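Colleague: Can you look at this prediction? I've put the sequence above it.
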Amino acid sequence: MTKSSNYSTLITAICPIYSMLRWTSTYSKP
């Protein structure tokens, strides 16, 4: 159970960061 919860937290933390990085990369391209 703890592992699953930890995994969920990891996804929740990485999802927005990954989206932000992708958006920044697309926006930075000329």
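Modeller: Now that the structure is in, tell me what you want to look at.
Colleague: ok, residue 17 - how many residues close by?
Modeller: When neighbours are counted by other CB atoms under 10 Å, residue 17 registers 9. Just so you know, the C-beta spots here come from the backbone N, C-alpha and C atoms, and that holds for glycine as well.
Colleague: That one and residue 6, how far apart?
Modeller: 17 Å (CB to CB, to the nearest Å).
Colleague: Over to residue 12?
Modeller: With CB to CB as the criterion, residue 12 and residue 6 are 11 Å apart.
Colleague: Also residue 27?
Modeller: 32 Å.
Colleague: which of these two has more neighbours?
Modeller: Neighbour totals were compared for residue 27 and residue 6, and residue 6 leads with 10 against 7 (other CB under 10 Å).
Colleague: what mean pLDDT does the host helix or strand of that one have?
Modeller: Element membership for residue 6, per DSSP states H and E: helix 2-28. Here helix 2-28 scores 89 as its mean pLDDT.
Colleague: How far away from the center of its chain is it?
Modeller: A distance of 1 Å separates the C-alpha centroid of helix 2-28 from that of its chain, computed with CA atoms, centre = their mean, to the nearest Å.
Colleague: buried sites along that helix?
Modeller: By neighbour count on 16 or more other CB atoms under 10 Å, the buried set for helix 2-28 is empty.
Colleague: please begin residue numbering at 142 from this point
Modeller: Got it, the first residue is 142 from now on, which makes the last one we talked about helix 143-169.
Colleague: so how far is residue 145 from residue 167?
Modeller: 32 Å.
Colleague: for residue 156, that is, sorry about that
Modeller: In terms of CB to CB, residue 156 sits 16 Å off from residue 145.
Colleague: now residue 155
Modeller: 16 Å.
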